[in-house]
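**Student:** Return a 3D structure for these sequence lines:
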Amino acid sequence: MRSNAVAEVDEGRPTATADGSRVPSWARTVGLQLTVLVLLLGMWEALTASGLIADYLLPRASDVLVVLRQNILEIIAGGRMRGHFVTTLIEIVLGFFGSVVIGVAIGAVLSELKLVQRALLPYVVAANATPRIAFAPLFVIWFGFGNLSKIVMAIAIAAFPVIINTMAGLAATDRDALRLMRSLGATRTQILWRLRVPTALPYLFAGFETAILFSAVGAVIGEFMGGDQGLGYVTLLAQELFRLDDAFAAIVLLSIQGFVLHRLVVIVRKKVVFWQVEQDARTAK
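**Tutor:** Below is the predicted model of the structure:
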């Protein structure tokens, strides 16, 4: 089975159609994905319009699309929804960067200092095993109803995959290459930046891709717990008022945010870890 990276390389390759023309694989993939989306929306609309699913349980897809269009126009025009959209976006991004800084720092310390790893790793794992939503009320008490409590919640949820992937990446250093650099008189700093960090980068970006999605989850959980801004707040308020079309439209906006941010991380990974993409491309040939 080919890796995801190989599949991403293949997306740029043109494929011959029945009439002999060449169509890029990425266009075929997008067409397939849009077809699946249209089919799902059609099934959703059919089930709700026919009455098989009551509208107080699930709104019609067409109603959600109408509200979603209104929300997007408000975001573009600078209306009320833009404030909620931007608030959640800022919380996710700051939570992500905070989790990257804290996760890489803790992971590097645990990887480099074995005594510290033996002393603290069980507590790091235990903290991750505890549902962070249990800390949400405490974060509101400690950091208030503003953005800070949401950012802290995002960091608390997203930092652990970065820690684990940092440790795994730094531990994946080739032993023969490590002995070679030591025999050539390389310092610990030179070994770290010229050997261990490049080796760890694929692992780090795997953690970053997870962290950006977890940051979105943390931000929304924080908005559920308190405050009057953000798409999570809009979703919760709409559910309380039984405005399910508004709730689903806000959820779609959250999904769009998460998808776009994740794709940005993937694009950065392809630029930074370029040798992995080139290697996968050679392997795929």
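
**Student:** Would you double-check that residue 89 falls in a helix?
**Tutor:** Yes - Residue 89: assigned to a helix according to DSSP: H, G, I helix; E, B strand; the rest coil.

**Student:** i'd like the first residue to be 7 from this point on
**Tutor:** Sure, I'll start counting at 7 from here, so that last one is residue 95.

**Student:** what helix or strand is the closest residue to it other than its chain neighbours on?
**Tutor:** Excluding the flanking residues, the one nearest residue 95 by C-beta to C-beta, 6 or more residues apart in numbering is residue 263, at 6.0 Å. Placement of C-beta: from N, CA and C, glycine included. Using DSSP states H and E, residue 263 sits within helix 250-278.

**Student:** Run through the helices of this protein in chain order.
**Tutor:** Applying DSSP state H to the chain gives helices spanning 10-16, 31-55, 67-83, 86-118, 120-135, 142-149, 153-177, 181-189, 194-197, 203-231, 237-246, 250-278, 280-290.

**Student:** can those go into TSV with extra columns for mean neighbour count, distance to residue 61 and mean pLDDT?
**Tutor:** Formatted as TSV, the helices of the chain follow (neighbours: other C-beta atoms under 10 Å; distance: least, C-beta to C-beta, whole Å; pLDDT from 0 to 100):
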stretch	mean neighbour count	distance to residue 61	mean pLDDT
helix 10-16	16	39	47
helix 31-55	12	6	88
helix 67-83	16	8	92
helix 86-118	20	23	93
helix 120-135	12	40	86
helix 142-149	16	32	87
helix 153-177	24	32	92
helix 181-189	11	63	84
helix 194-197	12	63	80
helix 203-231	23	24	91
helix 237-246	20	14	90
helix 250-278	17	8	93
helix 280-290	13	47	59
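
**Student:** what packs against the helix holding residue 263?
**Tutor:** Helices and strands touching helix 250-278, by 3 or more C-beta pairs under 8 Å, 6 or more residues apart in numbering; DSSP states H and E, are helix 67-83, helix 86-118, helix 203-231, helix 237-246.

**Student:** Try it again at 6 Å.
**Tutor:** Helices and strands touching helix 250-278, by 3 or more C-beta pairs under 6 Å, 6 or more residues apart in numbering; DSSP states H and E, are helix 67-83, helix 203-231, helix 237-246.

**Student:** Indicate which one of these is closest to residue 195.
**Tutor:** helix 203-231 (10.6 Å; C-beta to C-beta).
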